[in-house]
Structures are given as C-alpha cells and as structure tokens.
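Participant: using only what follows, build the 3D model:
(chains A and B)
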Protein chains: 2
Amino acid sequence: MFESAEVGHAIDKKTWNAELPKLRAALLNAQYDLAEHKRFPVIIVIGGVEGAGKGETVNLLNEWMDPRHIQVAAFPEPSEEELERPPMWRFWRALPARGRIGILFGGWHTEPIVERATGHLSAAEIDQAIQRIVRFERMLVDEGALLLKFWFHISKAKQRERLKALSKDPLTAWRVTKLDWKRFKQYDRFRRTSEHFIRQTSSGTAPWIVVEGTDARYRGLTVGRMLLEAMRERLDEKKVAGQPDRTPPLLPAIDGKDVISLLDFEKRISKTRYQKQLERLQGQLATLTRDPRFRRHAVAAVFEGSDAAGKGGAIRRITGALDARQYEIVPIAAPTEEERAQPYLWRFWRRVPRRGRFTIFDRSWYGRVLVERVEGFCSEADWMRAYAEINDFEHQLARAGIIVVKFYLAITKAEQLRRFKDRQQTEFKRFKITEEDWRNRKKWEGYHRATCDMVDRTSTDFAPWTLVPSNDKQLARIEIVKTLCRQIERALDKG
Amino acid sequence: MFESAEVGHAIDKKTWNAELPKLRAALLNAQYDLAEHKRFPVIIVIGGVEGAGKGETVNLLNEWMDPRHIQVAAFPEPSEEELERPPMWRFWRALPARGRIGILFGGWHTEPIVERATGHLSAAEIDQAIQRIVRFERMLVDEGALLLKFWFHISKAKQRERLKALSKDPLTAWRVTKLDWKRFKQYDRFRRTSEHFIRQTSSGTAPWIVVEGTDARYRGLTVGRMLLEAMRERLDEKKVAGQPDRTPPLLPAIDGKDVISLLDFEKRISKTRYQKQLERLQGQLATLTRDPRFRRHAVAAVFEGSDAAGKGGAIRRITGALDARQYEIVPIAAPTEEERAQPYLWRFWRRVPRRGRFTIFDRSWYGRVLVERVEGFCSEADWMRAYAEINDFEHQLARAGIIVVKFYLAITKAEQLRRFKDRQQTEFKRFKITEEDWRNRKKWEGYHRATCDMVDRTSTDFAPWTLVPSNDKQLARIEIVKTLCRQIERALDKG
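Facilitator: This is a model prediction of the structure:
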C-alpha cells in the first residue's frame, strides 16, 4: 500500500517554479466556478503520519486558493456537547455546504485507527467501524459531494528525522508532543493498522490517495494537481440524463395482503377506559423520563402517518406527561436554504437530542421514502439508497444510547374522507382542509405502497416501527404512550 | 412591586370552565396566524420564585396551543461550548425565529439576580448588568420581537407550604433540591434583589408582568389572556407608515475635513522593505497566536473597506501566519433564510469564535450602517440604533476575552478607478469588475459619509477602528499585521 510512497519522490525547484503559477490560477478559477454554481461541496479529508506535511499542505491550499471559500475543521478531543451525541455528529457539523471547500484535518478515520493500533478495538470491531465509514462516504458521494481523501506517508526513518527537526526549531517545537514520540515508537503497528484501514476504505467512488510526504514540493504539487483535476472534471461535466429508473426489487403485493391492510381498524375503546388508562400511562411516562438512569439516554420519537391520522393529538398526549424543559418538537416542513445545501440527513443530524432530552419529530427523515418518492421529488436511485442510509443513521443514534421510537398512524381511506369532511364543516378556520390534502388523497395507493416498503426495509431490532391503527384516535393514543413506555423501560433496564 | 401579587388572587372552577374553551381556541388561532405570516417572533421570558407555578404554567401553554410551534429552552449550568463564548451566546442560540413562540425558562435575568443576592455582585455591578439587559431587550423589541416577561411571585409563607407539598409527593419530590431550601432561607434577600431588578428592567416596551402564583387557575388564566391580548394586538395591527425619517443628529462635514480625508494616501514602501517587514511581522503573529496565554483569548478581526481596496490580499497575509486549524474566514454576503428570520446580529453571534480561535470577518455587522444605510435597505431608525447595538455586541465579546480588531481599508476615488480598469483588462476572468461595483462607485460620497459616522460612533476603547490608507497595498498590509500583533500582545499582557 505504501510502497509507492517510499520511493523518494521529489520535484526540483525549476519545475516547481514553472508549474506553480498555472496551477494556482487554475485552482482559483475552479474554486470560483464552484462558488458560483454551488452544484456540489468539495470535502477534502487529510490523514496520515505525523511529520508528513499534513499541516503544511493544508496551509498551502489556503494560500493558493481564496481562503474565504475554504473551511478547515480539526478534531481535537470532542467537546461535552459533542460527547453527548453520536460520534459522527461532529463531522456532520463540519460538512461544507454546496459551493464550498471543506478540509477535514483528521476525520472519521482517526479514532478507529488509533483505537485499533493501541489495542482498544478488536479486529472484528475495526471491521465494523470500517463498514460504517464506507457506507457513510458512499452516502456523501451519492448526495453529490466531491470527496477526496489524502493520506500523507513517510517512512519510519524519515519520521524520526522530521520529528527531531521540528523539535529543534523553536517556532515548530510546540507541534511535537510526547504523544507524537509515543506514536513513533508504535510506528509499525500504526502502519499495519493504517494499511488495513486504507485498503478497506478505498472504494471506487472514494479511494484514498497516498502521497509521499518527504519532499514539500512533490507533495504540494501532487495534492494541488489532483484537487484541480477532480474539481475540473466535476465542474465541466455535462449534465447526464441521471441514472436510469430501474424497477426496484421490492416485494410485489400479489395477494393484497400487507402490513397495513392486516391491521385491525375496527377495535374501539370506551371513553372511561381511555381516560383511566391514559392517566396511568402518562404517570408512568413521567416517572420513566425523570428516572436518574434516563439522563444517560435520550428519546427520538418519530411520527409518520396519513393526513388527518391524528399525529398532533397523539403528540400532545405525550408532551402532557413531560417537563416542558425537557422536550422539543421538531415539525418537518420543506428544508431551508442552508439545509438544501447539505446531504438530506443533515437537517436531522442538527436536531439529534442531547442526553436526557426528548425530541419528537412530527414527520421525519422518512419523507425521503414517502412524500419524496411518491411525488417524484427525488430520483428512484435516491430513495432506494435512503433505506440503508436511514438504517445507518438510526443505528448510530441507538448506539449512542438514544431510544428511537417510530410510529406510523394508519387510518382507512373511508375514515380519512369522514375526517376531511368533518374538518371542512368546523368553523375553526385553521382546520379547514387544504387543496394539498385532497391532492395527496388521490395518491393513496402510492403512499400505501411506499409505507409498506418503508416498514419492510427500516423496521429494525434497534429502531422498530410500530404501526398504529388509528380509526379510533383514543385507542391509538393509548397504544402509542404504552409502546413508548415499554421501549424506554427496556432501554433503562439494559443500562 | 409585589404587593398586588400577595392579595390572594383566585379564580373559581366555574369561571375557569366557562373561560377556558374560548381562550384556548383564540390562542390557537393567534398561534396559527403567527405561524402563517411569520411577521415576528414571540419571546416569553419566565422568571420568579421557586414553587410559584412556573413549570406548570409553561406546561399549560404547551397544552393549550400547538406545541409544534413552541420551543422551550431552559438554562441549567452552561455547557463547555457555551462557557467558551460570551454569556449571552446561549440566549441568542435559543431565540425563536419569526413565526414561532419561544419560551425561555429562566433567562438573562437569572444569573445577575442570583449573583447579587448571594453577594457575588456589587450594587454597581448589578446596575451595569441591568443596563446591558435593558439595551438587549430594547434591541429585541426594535427588531420586531413581541417580548413578554412574566414574573411568578408567592409570599414567603406560601413558598414554605409549596416546597413542603412538593417534597412529600413522590412524583414531584425530585423537583425540590437542597438549593431550593437554601434559597428559601434567603427569601428576603432574593425578594429585595428581584424587586430592584424588576423595577429597573421594566421598560415601556418590555415591562415585567408580576403574576401571583398561589392559585393555579388564576395564574394560568392571567398568563393565557395576557399572551392572547399581546399577540392579537400585534397580529391585527395595521401596517403603519413606519417611523418618520428624522434627520439624524450626526456631525455635519462643514469644512471638508474628516477622518478619511486626513489619511496620508501618498506614503509608499519599497518592495524589499515590505518583504522584510512582512516576514518579521508574520513570525511575530505566529508566535503570539501559539502563545499558551492565547488559549484564554480569541480574535475577531473585522475587514471593511471600499471595493478593490485590497481586503482579500490583506487577509491572506494574516492567514499565511496562522495554523489552518485555528482560523476561520467568514465572508459576509446576503443573509440566508434562517438568518433573515432573526434579529440582524444573530448571524454574527452564530460565528463568534471559541477560545483559542481566530475568526476573520470579510465584511461584517457593519453592513447595517454602511451598505444597508446607503442603499436604503433598512430604515433610518434601524441603522441609527445599530451603532449602540454594535457597541454592546463588541463590548460583550471584549469582556469574554475576545480581541476585537477592526480595519477599514480606504483608497482614493482615483485609485479605485485605476484598479477597476486594471481588473477589467486582466484576462483572469474572475477579477472582472461587475456592474454592481460601478453602481457602488456612484454612491462614493454616501459611503464616505457613512464610514466617517461609523468610525465616530463605534471606535471604542475596547474595539477601536484602524483606518488604513491602502493606495499602497503593501504598506496597508504591513500596517494591518502590525496593528493585529500590537493588539493581541496587549491583550495577552493584560491577561
């Protein structure tokens, strides 16, 4: 893996002087094209050995291009707010918007490599981490990002030389820490781990580019040229017709049976039983969320369902049991400008709850595979890949102790019609039905199908769907609060 | 102050039952009107005595209205990320956008009151804090917010009763902490401090509303009605013609002398001296920003200036001396959708640097008193009040240890013309001059005047302006890096 990066690559001063002005002008031009059209973000990940010129190269890129359109993020020890969320949260925070260049100095690769090389991760665990990273990077690329990963390498002998030289110069001595020397002693182990990691995370769409770091001119020119080429290629690309619309390999509904149609929509609850049960369950929910153990967890509760299925009323029954200082309701409407300039999951990552908090999503990331699919707002390829991306996302939440509870409130088509008409008649003006509601209703079958597929593909052990027949609103609420209590209780007991 | 809140206000159940449905429907309606038109945010500040029903009332508001359009923020101990920024940062983070209701449970009033009552703040210091709060709230109101401040009060005897009752019930016992009892013992002192505070911070535009907290129905109905009335008044308001355009009391330029025209635009530096000096100064800057003492500070460097004055080049000379992991450049263009839904300083608060960081603003909050004033993008009243608001903002930064360094790069009108023509001739397409540049040039006098006023009104001891004659770009860069070093050095020496 590293052989080509130990051959002693070097560029003489004359070549450098001849090449540089052209390269800089071209890079600057590419950068302005990028900023002007805002078609994609450029994500540059910088990894590699200490002393191989990572920092110098980043400084060089800032000098060559317009630093106003570049953002550099480094990842020292995570802050308290970062520690209270899934590990990937801080990288999501640092992603550049379309039209910008983001340099991630160290990134999602650093921790798994260090943990493995220092013996804190088993071989199986690093492979799990690798698989997660591969899927994450694939998502970035699918979302349109230009992802470039540079690995700076120097041989062991060169590293020793480099660290010594840095230590001697008073201007750079601060950069060499005890940890660096400790890591140097583990060079061979780090090399083995890195090699495995680089090999496994070099996909066709996001390969690592290993750069020999010994000669400053060589590494600078290499990175500059590769960046230019990659940007130019994307910028000059003719708009292609997009991926062909494949018929997705989803289960056909040949006998008319599916998870929704099998729900019991006839069941009812009496008013007195409802009131008694609700009160008891709300008390239970109040106690659970005030349990000291809850402070190590958080809840992300997702509400999806047909129009008029009763999401709002159900949410109110939950919040009625909570302390207003503890919860947040996130109503999901069209994304804002800043959100549209990022991968689609970005806007949900922004709202991931901290420990001890209770976040309710009134509609959610499932919009991708429901409304966006049915209305054709995204391509088939986009929503097909979303199932796996969403599972990865929720898995990260669950691993961080967040209890992911998902409800789909289902009503029958006849019941929806009854409620629509009912709403039209109440004078309470806000509940008047909109044109859009009638339009959505015409696509009932499409939504039905999309919902079944969604449940099939995203109901997981760590974040199961609960389908709630909601023709009887009160029964639905009982079911919802009960499920919520059960899932929180289970999580608290597991610890 | 509290007399009216100790008379034993109470509402009987019959009145409550008769009033409630109407109130709820009306509140809900008002809330939807608010969400639909997005004309202003509603900020509800909740303060007062423990046990006076603050939490219960907040829960009630959430129950009565649609909680999806309400956000509640509580302010326990600040997080590490919050501690690394000025104290007001966390409140800016919690402000609701236009169209939403934000409930601040505890707010900017809590800390000064507690600090004063516990003897950590002198009488003079709390009055300073009060003045800052008054100006901050005035700004919120001027920016269009509907600000409602409720103070929940109960007598000492009632508080004892209340705390005892809460302690007994296993469901509420968690709410009563040792600290609450400790505070109870200091009731009289807190009462005195609060009274002073409430009196001083009750301005005509944002008075405190003191609510007796003993009777749940009384306090609920009071808050609900006041909120409804205030929202309705604003929602139903006819669009008034706006404040009359007063001729602002700014110094007239009767003798043609001003801070810009007095600059020496003729001075030049030789290329060799420039290179030598720049290198030395960059070395100094590098050393200063790596000084361990710098970790307790941060830099906010502001760049303003005429078009083509050389801001970009100057910024690059600074970043050339910094570690790319340490700095961030914030180019200020038109605000995004999310930013437009907030007070105008909000988008700068978002980018306030953490400790140890170096943030460069390429154009800044001064847009309000430059481009927005000259182009008429905001009313005269708006930019007139901005001077004081900006001074308050920068004062907060300075008090938090952030070194605020502000540069205005000035060139003569003739020099600008030369540079524009020059740019038009270079083939390097991006530097081609835009129509807008020529348009701005026609307003030269307006910008000149606005700049002089800006310097007069915002050059402060804690955040002085440095006017840099920039007809010689190289000399300007030397001046800038030198000033930066001097100001950082001074701050580090002060500690």
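Participant: so who does A:Asp215 touch?
Facilitator: Contacts for A:Asp215 (C-beta atoms under 8 Å, 6 or more residues apart in numbering or on different chains) come out as A:Gly8, A:His9, A:Ala10, A:Ile11. In this view, the C-beta of every residue, glycine as well, is placed from N, C-alpha and C.
Participant: who in the stretch 201-350 of chain A is up against chain B?
Facilitator: Residues of the stretch 201-350 of chain A found near chain B (C-beta under 8 Å from any C-beta of the partner chain) are A:283, A:286-287, A:290, A:312, A:315-316, A:319-320, A:323-325, A:327-329, A:331, A:336-338.
Participant: coming back round to it: can I get the contacts of A:Asp215 in a markdown table including distance to chain B and pLDDT?
Facilitator: Converted to a markdown table, these look like this (distance: C-beta to the nearest C-beta, whole Å; pLDDT from 0 to 100):
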| residue | distance to chain B | pLDDT |
| --- | --- | --- |
| A:Gly8 | 27 | 84 |
| A:His9 | 23 | 88 |
| A:Ala10 | 24 | 89 |
| A:Ile11 | 22 | 91 |
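Participant: write the PyMOL selection for whichever of the residues you listed are buried.
Facilitator: For the buried members of these, the matching PyMOL selection, counting by 16 or more other C-beta atoms under 10 Å in any protein chain shown, is:
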select buried, chain A and resi 9+11
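Participant: next step: the contacts of A:Asp215 restricted to strands.
Facilitator: Among the contacts of A:Asp215, no member is found in strands (DSSP state E).
Participant: of the contacts of A:Asp215, closest to B:Arg217?
Facilitator: B:Arg217 has its nearest neighbour among those in A:His9, at 80.6 Å by C-beta to C-beta.
Participant: which ones are touching the closest one?
Facilitator: Residues in contact with A:His9 (C-beta under 8 Å, 6+ apart) are A:Glu212, A:Thr214, A:Asp215, A:Tyr218, A:Thr222.
Participant: and if we set it to 7 Å?
Facilitator: Contacts of A:His9 were listed using C-beta atoms under 7 Å, 6 or more residues apart in numbering or on different chains, and they are A:Glu212, A:Asp215, A:Tyr218.
Participant: ramachandran coordinates for the residue positioned nearest the centre of chain A?
Facilitator: Geometric centre of chain A, nearest residue: A:Leu345, 5.3 Å, by C-alpha atoms, centre = their mean. A:Leu345 adopts backbone torsions of phi -80, psi -10, taken as degrees, to the nearest 10.
Participant: wait, isn't it in contact with A:Asp392?
Facilitator: No - at 9.2 Å, A:Leu345 does not count as touching A:Asp392 under the criterion of C-beta atoms under 7 Å.
Participant: can I get the contacts of A:Asp215 in TSV with distance to A:Asn62?
Facilitator: Converted to TSV, these look like this (distance: C-beta to C-beta, whole Å):
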residue	distance to A:Asn62
A:Gly8	28
A:His9	23
A:Ala10	23
A:Ile11	20
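Participant: tell me which of the contacts of A:Asp215 is nearest to A:Ser261?
Facilitator: Nearest to A:Ser261, judged by C-beta to C-beta, of these is A:His9 at 65.1 Å.
Participant: and the nearest residue to A:Ile478 once chain neighbours are set aside, how many neighbours?
Facilitator: Among residues not flanking A:Ile478 along the chain, A:Gln277 sits closest, at 5.2 Å (C-beta to C-beta, 6 or more residues apart in numbering or on different chains). Residues lying near A:Gln277 (other C-beta atoms under 10 Å in any protein chain shown) number 17.
Participant: any idea how chain A splits into domains?
Facilitator: A:3-236, A:271-494 (automatic domain parsing).
Participant: separation between the residue nearest to the centre of chain A and A:Phe393?
Facilitator: Separation of A:Leu345 from A:Phe393 (C-beta to C-beta, to the nearest Å): 6 Å.
Participant: shared neighbours of those two, which are they?
Facilitator: A:Trp365.
Participant: nearest to chain B: which residue in the stretch 51-200 of chain A?
Facilitator: Closest to chain B within the stretch 51-200 of chain A is A:Ala74: 3.7 Å, counting by C-beta to the nearest C-beta.
Participant: got a list of what the closest residue to that residue other than its chain neighbours touches?
Facilitator: Leaving out its chain neighbours, the residue that sits closest to A:Ala74 by C-beta to C-beta, 6+ apart is B:Arg325, at 3.7 Å. Applying C-beta under 7 Å, 6+ apart to B:Arg325 gives the contacts A:Val72, A:Ala74, A:Phe105.
Participant: same thing but at 8 Å, please
Facilitator: Contact analysis of B:Arg325 by C-beta under 8 Å, 6+ apart lists A:Gly55, A:Val58, A:Val72, A:Ala73, A:Ala74, A:Phe105.
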